[in-house]
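**Q** I would like the atomic coordinates for the input below:
(2 chains)
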Amino acid sequence: MSGWHDALVVVLVMLVLVAVIPVLVGVGQYLLVPVHAFRNHLGKAAPHLPRVVVVVPAWNEAAVLGASIDRLMALEYPAERLRVYVVDDASTDDTPTVVGGKAAQYPGRVVHLRRDQGGQGKAHTLNHGIRHALADDWMEALLIMDADVIYRPDSLRRMTRHLADPDVGAVTAFIREGSARPGPVSRFIGYEYVTAQAAARRAQNVLGAMACLAGGAQLHSRANLEAVGGAIDTTTLAEDTFTTFLTQLDGRSVVFDGDAVVLAEEPDSVRALWKQRVRWARGNVQITRVFRHVWFRRRREHRLGSVSFGLIWFSVYLLPVAMTLATVGLVGLYFASPSTAHDTFQGLWWVALAAYAFVTTTTLLLDRDTARRSWFEGLLFPGAGALLVMLSAAHPDLLTRTVPGWFGLELTESGLRVLTLALYSWSVIAMVLAFLVRWVEVLPGGRWLSRLGLYVVGFGPVLCAITLDAYVKQWRGQAAVWDKTEKTGRVMG
Amino acid sequence: MSTDADARHWATLTPDALADEIAQNRRSERRLVTIALVALAVTAVLLVARGLW
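**A** Here you go, the predicted model:
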């Protein structure tokens, strides 16, 4: 009996340790960020101003398109080497009028490509523009962007310089959240974009394996575009990731340039965020399956099969599973061996605290503009609940004796049991509460409650819940629809 | 655009100016080391404080 019991305890501890893997992988990426100081592609970049066609997919983008086109025309880039193809996907608003006006304002430089039958999704729209761009020899590089993205004057030339190296197939810029008056959700996204782009993509530059080109700012050499088939994938919801993988599998590299900054307005409601991210997460499920022959299989031509890249990919992909296993482990240990549960819980949150401190400090220092707008969201990224759990792991008496004592109360034995199990299960509880945060937003007066809930539950757990939702939808075979994220066109800068 | 603005605009696109920009961006990546050291220091202080509390 003792043997079986000890084996059970070991298994339960291992389940908890599974949750440590994504945390360590995340920290590992951040430890690669300073390596980027010496190991980056700028040493191989050179002055290079190829003829660029910018393809802008547009469905009912009248509110944002005019400003975007004006910004493109104001780029510090030779005018005779830049053309903009706006692919109007059967818009029903003033998009055709806006584009027509810009085509007249910038003759020969802005082209209106109209699809009278649209609604097939962004990839199909892009392919319409790409076909036109490849129809003659003028285009040497192709920039894919979203209609609402605002380019800074120096953004494009900071991308093209990397294509001076023929081994580079594509370049991606840093999309910074740029809403003029960001609400809580936008501010959380702004902070998250620094972690996922400015930090993680620098780490991936160092590793030589890039997970994804930014959908709103990706530049391809003509050679790369032709090599991947002259078209964007239309079989998945993650066409950007698909193209990124094809480029690297074909032996060409994908480079992130953190100094090529563009601004984009991001969703400012939990519902809109959920819709956007479920699409991304379902796309990643599709990618994981389509490229299953790549994972953890090392090849000379590319680094997508490296152990490090595989760990990075699956740490994000399986994060909800890891969090759930950790909870199962801790709750199981509570009943099997309470003292082991206590020690494991404390150890887990020591690791979490160290990761939180390192990642948050690095992120806030990495992009000062975002830090000024989103420092509070950065501190509360894991959620006030998780921070309270961390505090309670450091001081077990805090919630069991100290706080009740302030109110002259004492926890009963059942109360202590419930509280302990809640602390052990917080990562799963937070994911469940995330669904509630989304649900309550549409109720009368629910918007402020939802925002408060976001700070308590944490943006990280909300993203985990979204990933879980995406798995369920994908498993149930729910129709995969390319839903556009609505924008207002109010971008700063 | 005025003549001065034209000159400023085209000045940024000469090979020398573009090469200078690459060199400058390359140098500015060195700040990542300082950022990492500060982050490690903050983490160490927090862990020590947690341990002592």
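**Q** need the contact list for A:Ser221.
**A** A:50, A:140-141, A:163, A:166, A:168-170 (C-beta atoms under 8 Å, 6 or more residues apart in numbering or on different chains). Heads up, the C-betas are built off the backbone N, CA and C, glycines and all.
**Q** So among the residues you listed, which ones count as buried?
**A** A:140-141, A:163, A:168-170 (16 or more other C-beta atoms under 10 Å in any protein chain shown).
**Q** Please identify which of those residues is nearest to chain B.
**A** The closest of the buried ones among the contacts of A:Ser221 to chain B turns out to be A:Leu163 (C-beta to the nearest C-beta; 12.9 Å).
**Q** Read off the pLDDT value for that closest one.
**A** We have a pLDDT of 98 for A:Leu163.
**Q** what sits opposite the closest residue to it other than its chain neighbours in the beta ladder?
**A** Counting by C-beta to C-beta, 6 or more residues apart in numbering or on different chains, A:Leu163 lies nearest to A:Ser221, which is 5.1 Å off, once chain neighbours are set aside. Beta-bridge partners for A:Ser221, by DSSP bridges, are A:Ala141.
**Q** Would you quantify the distance from A:Ser221 to A:Val171?
**A** From A:Ser221 across to A:Val171, the span is 9 Å (C-beta to C-beta, to the nearest Å).
**Q** Going by length in residues, pull out the top helix of chain A.
**A** helix A:2-32 (DSSP state H).
**Q** Now that one: buried residues?
**A** Under 16+ other C-beta under 10 Å, the buried positions of helix A:2-32 are A:9, A:12-13, A:15-20, A:22-23, A:25-27, A:29-32.
**Q** cool, and stretch A:242-256?
**A** Buried-residue list, stretch A:242-256, by 16+ other C-beta under 10 Å: A:242-249, A:252-256.
**Q** Let me have these in CSV, extended by pLDDT.
**A** Listed next are the buried residues of stretch A:242-256 as CSV, based on pLDDT from 0 to 100:
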residue, pLDDT
A:Phe242, 96
A:Thr243, 96
A:Thr244, 97
A:Phe245, 98
A:Leu246, 97
A:Thr247, 98
A:Gln248, 98
A:Leu249, 97
A:Arg252, 97
A:Ser253, 98
A:Val254, 98
A:Val255, 98
A:Phe256, 98
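**Q** so can I have CSV of those residues showing distance to chain B and secondary structure?
**A** Shown next, in CSV, are those (distance: C-beta to the nearest C-beta, whole Å; DSSP: H, G, I helix; E, B strand; the rest coil):
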residue, distance to chain B, secondary structure
A:Phe242, 29, helix
A:Thr243, 25, helix
A:Thr244, 22, helix
A:Phe245, 26, helix
A:Leu246, 28, helix
A:Thr247, 23, helix
A:Gln248, 22, helix
A:Leu249, 28, helix
A:Arg252, 21, coil
A:Ser253, 17, strand
A:Val254, 18, strand
A:Val255, 13, strand
A:Phe256, 12, strand
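**Q** Could you single out the nearest of these to A:Leu134?
**A** A:Thr243 (14.7 Å; C-beta to C-beta).
**Q** who are the neighbours in contact with the closest one?
**A** A:Thr243 touches A:170, A:213, A:218, A:220, A:228, A:232-233, counting by C-beta under 8 Å, 6+ apart.
**Q** Of those, which is the nearest to A:Asn60?
**A** A:Ile232 (20.7 Å).
**Q** pLDDT score assigned to that closest one?
**A** 93.
**Q** Look at it and tell me its secondary structure.
**A** Put simply, A:Ile232 is coil when judged by DSSP: H, G, I helix; E, B strand; the rest coil.
**Q** how close does it get to A:Leu82?
**A** 21 Å.
**Q** Around chain B, which positions in chain A sit nearby?
**A** A:30-31, A:33-34, A:36-38, A:40, A:42-43, A:45-49, A:76-78, A:154, A:157-158, A:161, A:202, A:259, A:350, A:353-354, A:357-359, A:361-362, A:365-366, A:394-395 (C-beta under 8 Å from any C-beta of the partner chain).
**Q** Which helix or strand contains A:Phe314?
**A** helix A:307-317 (DSSP states H and E).
**Q** Residues contacting that helix, please?
**A** A:21-22, A:25-26, A:28-29, A:200, A:203-204, A:207, A:209, A:211, A:284-285, A:288, A:295-296, A:303, A:322, A:467.
**Q** what secondary structure does the residue in the stretch 101-250 of chain A that chain B sits nearest to sit in?
**A** For the stretch 101-250 of chain A, the residue closest to chain B is A:Arg161, as judged by C-beta to the nearest C-beta, at 6.1 Å. What three-state DSSP gives for A:Arg161 is helix.
**Q** dump the residue contacts of A:Leu207.
**A** A:32, A:303, A:306, A:308-309, A:312.
**Q** May I see those organised as TSV, with pLDDT added?
**A** As requested, the contacts of A:Leu207 are exported to TSV (pLDDT from 0 to 100):
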residue	pLDDT
A:Leu32	98
A:Arg303	96
A:Ser306	97
A:Ser308	97
A:Phe309	97
A:Ile312	97
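**Q** Pull up the residues of chain B that are close to chain A.
**A** Checking chain B against chain A by C-beta under 8 Å from any C-beta, the hits are B:9, B:12-13, B:15, B:18-19, B:21-22, B:25-26, B:28-33, B:35-40, B:42-43, B:46-47, B:50, B:53.
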